[in-house]
Structures are given as C-alpha cells and as structure tokens.
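*Asks:* predicted structure and sequence below. I'll ask about it afterward.
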Amino acid sequence: MISSLSGIRGILNVDLTLEDVAHFTRNFARSTGSNEILIARDTRSTGPAISRAVASAAMSVGVKVIDYGVVSTPALFRQSRVSGKPAVMVTASHNEPEFNGLKFILEGKGITKQIFDVVTGRDAGQPEGFGAGTIRRAQKPTYVEDLIQRFGTDSCEGVRVALDLGGGAAISHATMLLEKLGCETYSVNDAAGVFSRRVDPVTDELIVMRRLVRRRGCDIGLGFDCDGDRLVIVDASGRKRNGDFMLTFAISELLEETGETKVVVSQDTTQAIDDVVGRAGGRVFRSKVGEANVVGVMSDIGARLGGEGSSGGLIDGEFNYCRDSMLAAIVIIRALRRKGLKAYESVPVYYQERVAVPVSKPKARKAFRALAAKYDDADMTDGIKIRLSKRSWVLMRASGTEDLVRVSAEAETAREALRSAKSFAAKLVELSR
C-alpha cells in the first residue's frame with residue numbers, strides 16, 4: 001500500500017482491504033466533525049465495492065452520505081468547496097487499473113499532515129451516543145455549470161477538439177461541457193471502465209488520439225487519466241506536448257486574464273514558468289514536489305495560481321484547490337480561439353531528462369550534504385536543486401517509497417539536459433559510497 005497526502009493506494013485484497021478502507025473512512029469521518037460526507041469514484045472495476053465500504057463505514061459513525069457516483073476528482077473537490085462538506089474520492093488517480101484507493105478532501109482542499117496522521121492512525125473507537133447514518137444518491141455536481149458560468153456559453157465556439165477520455169471519469173462531463181462551450185468534438189476511449197491505453201496520459205504515446213487530431217483537422221487534442229485530474233495536450237500537428245508546456249501555456253493565459261503577480265510551482269517544474277511570469281512582472285515561488293505542497297504554499301502567500309509541470313497540473317485557487325484538467329483545457333482552447341494556432345508558438349520551451357539512481361536514503365542525504373558544500377547556492381527545499389546556468393538546473397530527490405534518487409535536469413537542448421542528468425547521477429553514486 002502507498003500512503004501519502006496525495007492519497008492511499010493499493011491493489012484490493014492484496015495490500016488494500018475493505019477493512020482498511022473502513023478504518024481510514026471512520027477516522028476521517030470522526031476527524032471532520034461533519035454530519036455529512038460526499039463520496040464519488042472513478043471508473044475502475046473495484047470502485048463500486050470500495051465506495052460501498054466507504055459509505056458503510058461513514059454511516060456506522062452516524063454520518064449522512066451523499067453519493068455522486070462516477071465523477072472526476074476536480075468535480076468532487078469543487079463540490080466539497082461549494083457545499084462546505086468533506087468528501088472521499090475513490091480513486092488511484094493515474095495508477096494502472098488494478099490499483100484503487102482513497103483521496104480525502106476537506107473544505108475543497110486536500111487534507112493536512114495532521115488530519116492524515118489521524119486518518120491513518122489507530123482506530124479511535126465508537127463515540128458515545130452515535131446513531132445510524134443514511135445514504136442518498138445525489139444529482140450531478142455543479143462542476144459543469146460552474147465552469148460554464150466561469151467562461152461563458154460559446155466562449156470556445158468553432159474550436160475542433162479531439163478527446164482521449166481514457167475510459168475514465170472525464171467521460172461523465174468533458175464532451176458535454178466542451179460542446180456547450182461551442183467546440184466541435186471527436187472522442188476515443190470513451191467507454192467507461194475500458195482501458196485500452198496506459199491510464200497515465202503522461203507516460204502513454206496517445207497514438208490513437210494523435211491520429212484523430214490529424215485526420216479530423218483538430219486544433220487540439222486532450223488526453224485524460226482515470227479520475228480526470230491529469231491532462232496532456234496534443235497540438236494541431238499531432239505532436240504530444242509535455243505537462244510543463246501545457247502548464248506554462250495555461251499560466252501565461254491566466255496571468256494575462258487575471259493580472260496576478262504570484263505563481264507557485266513545484267521544484268521540478270520548468271523554468272519556462274519563470275520566463276512568462278517574469279514577462280508579466282510577477283514572481284515565482286517554488287514548493288516541494290506534490291500537489292498538497294503547492295497548495296500549501298499558495299495558501300501561505302495568498303497566491304491564486306499554481307501547479308506542477310510533471311502532470312500538467314494547473315491549480316486556480318479561485319475555482320479549485322486541486323489539479324483541474326478541464327479548467328486548464330478551457331483556458332488553452334479559448335486562447336486558440338482568440339489567437340489561432342500561433343498561440344502554441346508563444347510558449348517558451350526547455351527540455352528535461354530524468355535518471356533514476358539506486359541509492360538508499362541515508363546515503364542520499366550524505367551525498368546531498370557533500371554537494372551542498374560544493375555549490376553555495378544549492379536549494380535544499382526538496383532534495384537538492386543546483387542551478388547550473390541562467391537556463392539550466394539539476395534536481396535530485398530521494399524517492400518516498402523506494403531506495404532511489406531521481407535526478408532531473410533541464411536545459412535549452414535535450415542533449416544538454418541528458419548530459420547534466422547523467423553527470424550528476426555519476427557524482428551522486430560517487431559521493432554516496
């Protein structure tokens with residue numbers, strides 16, 4: 001079982017049991033103090049069983065359960081925010097279909113470390129005077145209507161969009177929403193629970209959608225993961241763009257629209273963000289890697305915009321405090337409608353390469369200290385990040401679940417980035433001996 005602020009994930013009846021699910025849910029329900037909890041799930045085959053376990057556990061401690069069925073993670077985050085109710089999303093996000101899990105939401109945000117420790121801690125036992133809870137099936141969340149209100153009906157009129165829905169929860173709203181906004185849509189992998197490619201669009205080549213974009217003359221293609229929070233875009237030529245490109249594109253447009261001056265991104269996000277924020281007269285703040293860490297810094301400094309480049313994870317705190325794929329997609333589609341395909345060329349591009357090195361955590365810490373002594377300006381916010389020039393850097397982070405250090409490097413060319421990643425991987429091995 002993988003357990004972190006991002007969620008609890010495992011394979012049902014292998015390393016995640018329904019008893020585990022009930023235990024975590026009871027602790028969460030008690031910790032919130034709320035008499036109602038929202039639940040929803042993505043399209044994995046184990047979703048119904050886990051959802052029933054979540055509902056039963058919540059009802060056993062006297063909580064009313066409102067079940068939204070299959071909706072996306074951003075939709076449930078939004079519903080938690082507008083209703084003020086805590087929520088449990090049954091999902092393993094971008095993990096493969098055999099995995100499933102739980103994501104806990106409080107006041108429209110992911111839970112804090114303090115609440116997480118309560119959720120995963122010892123069962124607190126049955127409170128005195130509890131009563132049996134109830135369950136009811138809810139209508140669809142307000143997510144689609146809220147996005148239409150935010151952007152305006154027909155605000156994306158005439159844009160041709162290809163969708164690879166990945167068999168996931170975005171099927172419940174993506175096509176309908178984009179058509180209401182005026183798009184002409186074409187879709188593949190639009191049968192719920194049928195996974196004909198890798199769940200994570202970041203690691204899949206999206207070959208079928210890329211062909212669809214070229215064949216139908218689409219302006220953009222959108223590839224979603226199972227719970228609908230990750231997004232990868234394909235441009236009009238059928239070229240798959242990475243998450244850093246997508247996030248930079250969306251942030252650039254939102255800076256223009258909102259006049260915001262503060263943006264928070266994770267340490268491994270492209271420096272192209274610094275370029276577009278600098279041009280707008282703003283400042284970039286960097287957090288540890290992880291959506292919860294980005295949101296935490298956003299809250300601390302009062303920033304509206306943030307995200308993680310690795311997953312194309314745009315966060316607009318005025319709408320949702322989570323990665324929101326549909327919001328990002330609409331921002332980019334509107335830019336294509338206003339500016340045409342030349343909008344793709346306005347995004348600065350850097351290249352990243354990654355290398356994994358088998359090193360234990362104690363040895364990694366030893367190597368990081370040695371590197372910090374050598375590089376005076378090393379940033380130790382998350383692992384160690386070293387700026388090699390104005391347009392290149394390397395980041396080394398120890399894995400939270402394996403004896404690995406992930407070495408990421410960015411530069412103006414892929415060749416330079418790969419050379420830096422390999423060079424620092426070798427230094428890491430030498431210093432960890």
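*Replies:* Arrived safely. Numbers count the residues shown, from 1 in each chain.
*Asks:* the worst-scoring helix or strand of the chain on mean pLDDT pairs with which strands, and in what direction?
*Replies:* The weakest-scoring helix or strand in the chain, judged by mean pLDDT, DSSP states H and E, is strand 2-4 (a mean of 83). With DSSP bridges as the test, strand 2-4 is paired with strand 7-11 (antiparallel).
*Asks:* name the residues that touch the strand it pairs with?
*Replies:* 1-3, 16, 20, 24, 89, 91-93, 95, 98-104, 120 (Cβ atoms under 8 Å, 6 or more residues apart in numbering). C-beta here means a position set from N, CA and C on the backbone, and glycine is covered the same way.
*Asks:* in this protein, which spans are helices?
*Replies:* For the chain, the helices defined by DSSP state H cover 18-32, 47-60, 73-83, 113-120, 143-151, 174-180, 207-216, 243-258, 272-279, 291-301, 325-339, 361-374, 414-431.
*Asks:* CSV for the ones you listed, including mean neighbour count, mean pLDDT and distance to Asp403?
*Replies:* Below are those laid out as CSV (neighbours: other Cβ atoms under 10 Å; pLDDT from 0 to 100; distance: least, Cβ to Cβ, whole Å):
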stretch, mean neighbour count, mean pLDDT, distance to Asp403
helix 18-32, 22, 96, 25
helix 47-60, 21, 97, 30
helix 73-83, 24, 97, 30
helix 113-120, 16, 94, 22
helix 143-151, 17, 97, 40
helix 174-180, 19, 97, 39
helix 207-216, 18, 98, 34
helix 243-258, 23, 96, 26
helix 272-279, 19, 96, 31
helix 291-301, 19, 94, 22
helix 325-339, 22, 97, 33
helix 361-374, 16, 93, 7
helix 414-431, 17, 96, 13
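*Asks:* can you lay out those helices as a markdown table showing distance to Arg354?
*Replies:* Shown next, in a markdown table, are the helices of the chain (distance: least, Cβ to Cβ, whole Å):
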| stretch | distance to Arg354 |
| --- | --- |
| helix 18-32 | 32 |
| helix 47-60 | 31 |
| helix 73-83 | 25 |
| helix 113-120 | 27 |
| helix 143-151 | 33 |
| helix 174-180 | 29 |
| helix 207-216 | 22 |
| helix 243-258 | 12 |
| helix 272-279 | 17 |
| helix 291-301 | 19 |
| helix 325-339 | 23 |
| helix 361-374 | 16 |
| helix 414-431 | 6 |
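*Asks:* so Gly243 makes contact with Gly309?
*Replies:* Yes. The pair Gly243 / Gly309 is scored as a contact, 5.2 Å apart, by Cβ atoms under 8 Å.
*Asks:* partner residues bridging the residue lying closest to Met209 once chain neighbours are set aside?
*Replies:* Spatial nearest neighbour of Met209, chain neighbours left out: Asp164 (3.8 Å); criterion: Cβ to Cβ, 6 or more residues apart in numbering. Counting by DSSP bridges, Asp164 is bridged to Val188, Gly223.
*Asks:* Asp67 too?
*Replies:* Ile39, Arg137.
*Asks:* got it, and Ala87?
*Replies:* Leu38, Ile105.
*Asks:* OK, contacts around it?
*Replies:* Residues 37-40, 76-77, 79-80, 104-105 are the ones in contact with Ala87 under the rule Cβ under 8 Å, 6+ apart.
*Asks:* 6 Å instead, please
*Replies:* 38, 76, 80, 105 (Cβ atoms under 6 Å, 6 or more residues apart in numbering).
*Asks:* the second one touches Asp42, doesn't it?
*Replies:* In other words, Leu76. No. Between Leu76 and Asp42 there is no contact under Cβ atoms under 6 Å: 10.1 Å.
*Asks:* ok, Arg334 - contacts?
*Replies:* Residues near Arg334 by Cβ under 6 Å, 6+ apart: 155-156.
*Asks:* if we go to 8 Å?
*Replies:* Counted by Cβ under 8 Å, 6+ apart, Arg334 has contacts 151, 155-156, 253.
*Asks:* thinking again about what came up before, quick one: contacts of the least confident helix or strand of the chain?
*Replies:* Outside strand 2-4, the residues touching it (Cβ under 8 Å, 6+ apart) are 8-10, 101, 120, 290, 400-401.
*Asks:* again, only this time at 6 Å
*Replies:* For strand 2-4, contacts defined as Cβ under 6 Å, 6+ apart pick out Arg9.
*Asks:* next one: stretch 249-268
*Replies:* 273, 276-277, 280, 282-287, 289, 294, 297-298, 303-308, 310, 314, 328, 331-332, 335, 347, 381-382, 385, 395, 408.
*Asks:* ends of it, how far apart?
*Replies:* 17 Å (Cα to Cα, to the nearest Å).
*Asks:* how near is Ala414 to Ser266?
*Replies:* Separation of Ala414 from Ser266 (Cβ to Cβ, to the nearest Å) stands at 21 Å.
*Asks:* and if you look at Ile384?
*Replies:* Taken as Cβ to Cβ, the span from Ile384 to Ser266 is 15 Å.
*Asks:* swap in Val232?
*Replies:* According to Cβ to Cβ, Val232 stands 17 Å off from Ser266.
*Asks:* then Gly47?
*Replies:* According to Cβ to Cβ, Gly47 and Ser266 sit 29 Å apart.
*Asks:* and for Leu341?
*Replies:* 29 Å.
*Asks:* which one of these two is surrounded by more residues?
*Replies:* Ser266 (24 against 12; other Cβ atoms under 10 Å).
*Asks:* where does pLDDT dip in the stretch 51-200 of the chain?
*Replies:* For the stretch 51-200 of the chain, the stretches flagged by pLDDT under 70 are 124-131.
*Asks:* cutoff 80 now
*Replies:* Applying pLDDT under 80 to the stretch 51-200 of the chain flags residues 123-132.
*Asks:* and stretch 341-356, how far out from the chain middle?
*Replies:* Centroid separation between stretch 341-356 and its chain, computed with Cα atoms, centre = their mean, to the nearest Å, is 19 Å.
*Asks:* do stretch 268-283 as well
*Replies:* 20 Å.
*Asks:* export the contacts of Arg334 to CSV and tack on distance to Ser237?
*Replies:* Output for the contacts of Arg334, formatted as CSV (distance: Cβ to Cβ, whole Å):
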residue, distance to Ser237
Phe151, 26
Ser155, 25
Cys156, 20
Glu253, 20
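*Asks:* and which of the residues you listed is nearest Gly193?
*Replies:* The closest of the contacts of Arg334 to Gly193 turns out to be Cys156 (Cβ to Cβ; 28.2 Å).
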